[in-house]
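> no sequence on this one, just coordinates:
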């Protein structure tokens, strides 16, 4: 650019010295992280949370220190109370306040039209989403680090069980970063209502957990300490590792969903995401000990996430996305049938996952031998519940521009209708109704499985299978026009390749 | 020579609406081209496709010979984009805002600092670098947006309504900046509603209406084009009753009385030959009309634009058959 021109005098005072270019963050840091930290550390929500946490902990520490000399009974009680306060206060900040800020991360960029300005830089959709999450996590880490001096002081009061408390703190942080990722992922959803429901859902879930766990009782002083016993056996270690891995995977996957939602049509995020999902399922098979319900439950949870995402992806992509698949030669067509972006290929991918889940369940990999029949019936109903909103969306909710929002509307609708039927069945004792409404509201089938000894697993399995196929076919029929578009893109891609 | 911007048969459909419908044009390197159309004509959609932020349903768009769909990352290095609506981040100073975008564009270390300093000085923002970016006036915000688009010194600038909402002073300042950039040899594709300014500033104008190009050429060719279709307008003032002029016109071939003015009237003449115009004035005087003023009206771009739009205004936005493909935007 040429030397600066002489302009018409601006409105700013001419005497002011030019502002220096900031040196606050090193160049190697992600640009979006730099932006998030610059903004985030100045935001009132963070500043207030930080100051309140420090202020309250100061008061608690002073109270504990004044209550007696180190090692005395009173000091031990004070130390335990301090631990309780510390964890609850920190929990509120890093499990509620910080993650809920994530719900606005991408939404504010979309609302203010600043996302376009980010997308035309060198930042990919993933780097933007990941940077947003990392910014929030960095602030949460700052909050955690800031309470460590209080933990040390609590140590000197005596009675501290170092490993369980540090484990508890670490686990809380892992949950915090995972749930922050979930919130950042959901923040790409244009529906304010859906984001509000996610926020409310998380708060209710956390509150239920606190009520159920000893956390709340600790707050009122009836329990001895924050207790997170160390794993005793190899299997317990494997379950703990699987739980942490699943938390991180769910976080990663929701971030990827957010990135997919904001990515330009020329950016393919779906293929890698689905492959990593399959890898996660394989890891769970290897990592989680056989026997018990944990493997089956965790597997189906991951499958649910993969299916929900796959059948609710935007179907628009450009010919350039097809080019990498062409390198696979004869494998290109079958691979892209499952791994191309968009819900049409997502439906096929969901179908394959369903078949694999059924076969693994039948072979007894996912559940104990005695529970195979019930598990198989459960799997078919599970898939029916996941496919029904997909079919409803493509047939009846096409006007909702964002497919994920449409899917979630159908899913929530199904859950509400299921709740109504369950209440009707419960109040009128006509529980038979649950079996007959299962085709239109598959979630009722689970109650059938629980409440009707005379509806054996085979009947429910058969019903679930028929519903699954019906909904899958219904949705698949709507994907035919996309096949024509794919063929057109294919011609464009092959022409481009020939030209090159 | 490869054109800076090349658009071939560009279509963009949103469901049943054809926002852009078969648009083709080329802009040579170093040209300033105005993009004109009424609200909803398809300007922003077309500009977003050029800026790699949307993709065409059909057709090709190349910036400096690089396809915006196939290689958007390459295009973004060559392109500066200024949107019609621009928001800045809260809790960030002007310098930090420019610095963030310099980082996002891949500048590091001394080069980043140099780029930020140059842009701040070029846009005259250096003295307000410490101010919160979200507390600037509209004019300053537009400068900031332009500065952001210039950080990587792009060859092509796409400016969507840069002067919208600016006061006259800020508008003059912005026009001055754009002129300077044009003098540097940048290709500038600019949309605006202030047509007179575009006429002065642009080498060529592209008029779009209902998603279709209705004119592409310089301002003079546009004026000639609309005049040749509708004839020339003459303003005649008399020192007598204007009704006499209307009566006289009815007896003349190839002359139409358009409307009565305070002391005369406006006439439309089919022929724009100066000899014929002079002959008309001679006839008026010979027939005893007390002519005190006789001049050819100079049409401006606004009038030409309105006439062009009114010709195609009767047709509603084109629709296509029910969408076979889902068109979604995040």
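Cool, got the structure. Quick caveat: nothing in here was measured; it's all calculated off a predicted structure.

> how far away is residue A:302 from residue A:258?
18 Å (C-beta to C-beta, to the nearest Å). All C-beta spots, glycine's among them, are computed from the backbone N, C-alpha and C.

> ok, and what's touching stretch A:478-496?
With C-beta atoms under 8 Å, 6 or more residues apart in numbering or on different chains as the test, stretch A:478-496 has contacts from A:315, A:317-320, A:322-323, A:326, A:340, A:342-344, A:347, A:394-395, B:70, B:324-326.

> give me the mean pLDDT for that stretch.
Computed over stretch A:478-496, the mean pLDDT rounds to 81.

> what do you get for stretch B:64-78?
For stretch B:64-78, mean pLDDT is 90.

> does that stretch come close to chain A?
Yes. Counting by C-beta under 8 Å from any C-beta of the partner chain, contacts between stretch B:64-78 and chain A involve B:69-73, B:76.

> coming back round to it: please pick the buried ones from the contacts of stretch A:478-496.
Buried members of these, counted by 16 or more other C-beta atoms under 10 Å in any protein chain shown: A:315, A:317-320, A:322-323, A:340, A:342-344, A:347, A:394, B:70, B:326.

> now for those residues, which pair is the farthest apart?
Taking C-beta to C-beta as the measure, those span a maximum distance of 29.5 Å, between A:394 and B:70.

> coming back round to it: can you select the buried ones from the residues of stretch B:64-78 next to chain A in PyMOL?
Selection of buried members from these for PyMOL, criterion 16+ other C-beta under 10 Å:
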select buried, chain B and resi 69+70+72+76
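
> residue B:56 should be in a strand, yeah?
No. Secondary structure of residue B:56 (DSSP: H, G, I helix; E, B strand; the rest coil): coil, not part of a strand.

> can you give me the strands for chain B?
Using DSSP state E, the strands assigned to chain B run over residues B:5-14, B:17-27, B:32-36, B:58-63, B:66-67, B:79-82, B:156-160, B:187-191, B:204-209, B:212-217, B:232-238, B:255-261, B:264-269, B:291-296.

> could you list the buried residues of the first one?
I take that to be strand B:5-14. Neighbour-count burial for strand B:5-14 flags B:5-7, B:10-14 (criterion: 16+ other C-beta under 10 Å).

> before we move on, what about the longest one?
Residues of strand B:17-27 classed as buried under the neighbour-count rule (16+ other C-beta under 10 Å) are B:17-21, B:23, B:25-27.

> in chain A, where's the longest helix?
helix A:125-157 (DSSP state H).

> which element is residue A:467 on?
helix A:457-477 (DSSP states H and E).

> that helix near chain B anywhere?
No. Judged by C-beta under 8 Å from any C-beta, helix A:457-477 and chain B are separated, with a smallest distance of 12.8 Å.

> I'd like to know which helix or strand in the chain has the lowest mean pLDDT.
Going with chain A. Ranked by mean pLDDT, DSSP states H and E, the weakest helix or strand in chain A is helix A:214-219, scoring a mean of 52.

> was after chain B, sorry
When each helix and strand of chain B is scored by mean pLDDT, DSSP H and E, helix B:219-230 comes last, with a mean of 64.

> tell me the phi and psi of the residue of the stretch 101-250 of chain B found nearest chain A?
Nearest residue of the stretch 101-250 of chain B to chain A: residue B:129, at 2.5 Å (C-beta to the nearest C-beta). Backbone torsions for residue B:129, taken as degrees, to the nearest 10, come to phi -60, psi -30.

> which pLDDT value goes with it?
For residue B:129, pLDDT reads 91.

> packing partners for the one helix or strand residue A:421 maps to?
For residue A:421, the element it lies in under DSSP H and E is helix A:403-428. In terms of contacts (3 or more C-beta pairs under 8 Å, 6 or more residues apart in numbering or on different chains; DSSP states H and E), helix A:403-428 is packed against helix A:192-212, helix A:294-310, helix A:372-396, helix A:432-437, helix A:444-451.

> if we go to 6 Å?
Counting by 3 or more C-beta pairs under 6 Å, 6 or more residues apart in numbering or on different chains; DSSP states H and E, the packing neighbours recorded for helix A:403-428 are helix A:372-396, helix A:432-437, helix A:444-451.

> that one to helix A:444-451, inter-axis angle?
For helix A:403-428 against helix A:444-451, the angle by axes from the mean of the first three to the mean of the last three C-alpha atoms, to 10 degrees is 40 degrees.

> next, the buried residues of helix A:403-428.
Neighbour-count burial for helix A:403-428, counted by 16+ other C-beta under 10 Å, picks out A:403-411, A:414, A:418, A:421-422, A:425.

> and stretch B:27-40, by the same measure?
B:27, B:31-38.

> and of these, the nearest to residue B:305?
Closest to residue B:305 out of those is residue B:36 (6.3 Å), distances taken as C-beta to C-beta.

> now do the same contact list for residue 120.
Looking at chain A here, since you left the chain open. Residues near residue A:120 by C-beta atoms under 6 Å, 6 or more residues apart in numbering or on different chains: B:76, B:81.

> sorry, should have said chain B
If you count contacts by C-beta under 6 Å, 6+ apart, residue B:120 has them with B:126, B:129.
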